[in-house]
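Asks: return atomic coordinates for the entry below.
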Amino acid sequence: MDHAAGNELSHAGSVVDKAIEYMVAQGIGEVAIASALLGGSLTLLSRTMPDEAIVQVLDNAIASVRSGELRETTERNDGACC
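Replies: The predicted model follows:
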């Protein structure tokens, strides 16, 4: 990943983190927040990627959950978001 793309990803991640903090402060449940973010992400991906590429992204996410990688990342961040 080039430097500009890394900066863009970091900025987008910060914006999402702030949006999550705001929704939690508003009393919106974690499952509702995550579901809305996932739905929005999939909609965004569908604008630029073919369905099979989206399936690959989801397969990679499932593999991360099954391997414990996702949980390890969460625990490393002490339960903090992202």
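
Asks: what packs against the longest helix seen in the chain?
Replies: Using DSSP state H, we find that the single longest helix of the chain is helix 3-25. Here helix 3-25 touches helix 30-48, going by 3 or more CB pairs under 8 Å, 6 or more residues apart in numbering; DSSP states H and E. C-beta coordinates here come from the backbone N, C-alpha and C atoms, glycine included.

Asks: quick one: residues contacting Met23.
Replies: By CB atoms under 8 Å, 6 or more residues apart in numbering, the contact set of Met23 is Ile33.

Asks: look up how far Leu44 lies from it.
Replies: 18 Å (CB to CB, to the nearest Å).

Asks: in stretch 10-19, what's buried?
Replies: By neighbour count with 16 or more other CB atoms under 10 Å, stretch 10-19 contains no buried residues.

Asks: mind checking the pLDDT average for it?
Replies: For stretch 10-19, the mean pLDDT works out to 96.

Asks: just how off-centre is that stretch within its chain?
Replies: 10 Å (CA atoms, centre = their mean, to the nearest Å).

Asks: cool, and stretch 3-16?
Replies: On CA atoms, centre = their mean, the centre of stretch 3-16 falls 13 Å from that of its chain.

Asks: now do stretch 39-57
Replies: How far stretch 39-57 lies from its chain's middle: 13 Å, per CA atoms, centre = their mean.

Asks: now swap in stretch 37-57 and tell me
Replies: Relative to its chain's centre, stretch 37-57 lies at 12 Å (CA atoms, centre = their mean).

Asks: any stretches of this protein with poor pLDDT?
Replies: Applying pLDDT under 70 to the chain flags residues 1, 77-82.
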